[in-house]
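*Asks:* Predicted structure and sequence below. I'll ask about it afterward.
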Amino acid sequence: MIIQGREITYREIELIRQMVADNPTWNRTRLSRELCVLWNWRAQNGQLKDMACRTLLLKLERGGHIILPARNPFSGKGRVVAPIPFVPHKTVAIAGELKTVTPLRIETVEDNGLLGLFKCLLSQYHYLGFGGTVGENMKYMVFARDNSPVACLLFGS
């Protein structure tokens, strides 16, 4: 298969798996850089194609081909990112006709007690997680008739 403009074979996938297994202390960045060096994967200016490699690794993980090391708990500024606390909420799957959950209620998320639940839901269920917002934004939550949360909406500037 071709990922990030590079042909990836089963042998290369096995190599990545072996690198992860042999180096349990490596984070994703280290794995990516070591892989770039091994493959001599460089841009025209000679720099390692580190970001392209990290994207390639993420795509392989999402495709179920590899398992990457856990994400590093540090932000780009070197500070520890505080974990988002779990807020109890209904997790039962919603099945059936729309009329069983309507009317829906949309609420603005402000300092009205919903912010913790909003952050918890995004951090648990959004594929990118939740590391905070940047700039001006508007947050909304949608609730079913029985007050179960069914959606989080975040609009940024």
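*Replies:* Perfect, I can see it now. This one's a predicted model, so the numbers in the text were calculated from it and none came from an experiment.
*Asks:* thinking L68 is in contact with L58, fair?
*Replies:* Yes: L68 lies in contact with L58 (CB atoms under 8 Å); the separation is 7.5 Å. To be clear about C-beta, it is placed using only N, CA and C from the backbone, and glycine gets the same treatment.
*Asks:* Next, V142: phi, psi?
*Replies:* phi -110, psi 130 (degrees, to the nearest 10).
*Asks:* dump the residue contacts of it.
*Replies:* L104, R105, I106, P149, V150, A151, C152, L153 (CB atoms under 8 Å, 6 or more residues apart in numbering).
*Asks:* quick one: low-confidence parts of the protein?
*Replies:* Across the chain, the ranges flagged by pLDDT under 70 are 72-81.
*Asks:* Can you tell me which residue is spatially central in the chain?
*Replies:* Residue closest to the mean C-alpha point of the chain, counted by CA atoms, centre = their mean, is L128 at 2.4 Å.
*Asks:* For it, give its distance to H89.
*Replies:* Counting by CB to CB, to the nearest Å, the separation of L128 from H89 is 20 Å.
*Asks:* ok, now P83?
*Replies:* 17 Å.
*Asks:* higher neighbour count, the two?
*Replies:* Taking other CB atoms under 10 Å, P83 and H89 do not tie; H89 has more neighbours (12 against 8).
*Asks:* Could you find the closest non-adjacent residue to that one?
*Replies:* Spatial nearest neighbour of H89, chain neighbours left out: P149 (5.8 Å); criterion: CB to CB, 6 or more residues apart in numbering.
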